[in-house]
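1. Predicted coordinates and the sequence they were generated for:
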Amino acid sequence: IYDLHNSIRSKIITFNLNCKIMRVKKPRLNRFLLFFLYINRFKKNFSVPRMYHNSIGKIWIKGDDIPKTFLKVSKIEKSEALTRINELFKSKKFIVLIPGAAWIQKRWDTKKYVKLINSIKFPVVILGAKSDSNCFDIEMQSSNVYNLAGKTSLREAMAIIENSMYVIGSDTGLSHIAESLNKSVYMILGPTSLETGASVISKSSRVVEKDLWCRPCSQNGKRACYRRGQF
């Protein structure tokens, strides 16, 4: 058993099982020091994929490169997604925008997204969940977007991403999926950072962030912003 959580719950579930159990070694002390005392003891080459792979054991050959993830979209899925896109607009070239995230602190400002979209010459397709309210706010403020938030399954969203030129988005699942589909991703980071697993892997992808004393404020961006009262 390969335990990716290494939590109390996973230890209870695997308690007294008669098989080999390998658990990921999480940097809990380093995270505590970083989030609460602003002491960064993480190595510059730290990455969550490498952390997971290094916990596998002998079957993983350790190296300097960050292990790549891989996902596959079938030709039928890709063709069906392209047909759906063609019903929205005629251009075969388009960009996918993923502005939503589980925690509101991880979402970039709507007005800034609209300004960015208006500077892009290609159609922009928004993907996300129905609960991602900023997807609908952006749709109302820009005529260059086609909002499919809450209107696709996960596989359909993957197929649309597969057809796109590149992806712009938050530190959220679909953005990481896009890289697994070998797409270039421009990831906009706020409360999370490389040390929390919020980063890109591909050399063609880029992180958009600003160096602030309070970043990262938590592992997943759930905690309220320290700087809220200053703006």
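-> All right, it came through fine.
2. From now on I want contacts and neighbour counts done on CA atoms only, so please keep to that.
-> Will do.
3. quick one: low-confidence parts of the protein?
-> 60-65, 227-231 (pLDDT under 70).
4. Now Ile56: which helix or strand?
-> Using DSSP states H and E, Ile56 falls within no helix or strand.
5. measure it to Lys25 for me?
-> 10 Å (Cα to Cα, to the nearest Å).
6. likewise Ile98?
-> From Ile98 to Lys25 the distance is 31 Å (Cα to Cα).
7. For this protein, which segments count as strands?
-> 2-3, 22-23, 95-98, 124-126, 145-147, 167-170, 185-188, 206-208 (DSSP state E).
8. possible to save these as a markdown table with mean neighbour count and distance to His176?
-> Below are the strands of the chain laid out as a markdown table (neighbours: other Cα atoms under 10 Å; distance: least, Cα to Cα, whole Å):
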| stretch | mean neighbour count | distance to His176 |
| --- | --- | --- |
| strand 2-3 | 15 | 21 |
| strand 22-23 | 16 | 23 |
| strand 95-98 | 25 | 11 |
| strand 124-126 | 24 | 16 |
| strand 145-147 | 20 | 20 |
| strand 167-170 | 26 | 9 |
| strand 185-188 | 24 | 8 |
| strand 206-208 | 16 | 12 |
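9. Export the ones you listed as a markdown table, with columns for distance to Leu34.
-> Rendered in a markdown table, the data for those read as follows (distance: least, Cα to Cα, whole Å):
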| stretch | distance to Leu34 |
| --- | --- |
| strand 2-3 | 25 |
| strand 22-23 | 23 |
| strand 95-98 | 28 |
| strand 124-126 | 34 |
| strand 145-147 | 37 |
| strand 167-170 | 22 |
| strand 185-188 | 20 |
| strand 206-208 | 20 |
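10. Let me see the contact set for Pro27.
-> By Cα atoms under 8 Å, 6 or more residues apart in numbering, Pro27 lies in contact with nothing.
11. Report the separation between it and Val48.
-> 10 Å.
12. What of Lys68?
-> 11 Å.
13. got it, and Val208?
-> Counting by Cα to Cα, the gap from Val208 to Val48 is 19 Å.
14. thinking again about what came up before, show me the common contact partners of Lys68 and Val48, please.
-> In contact with both Lys68 and Val48: no residue, using Cα under 8 Å, 6+ apart.
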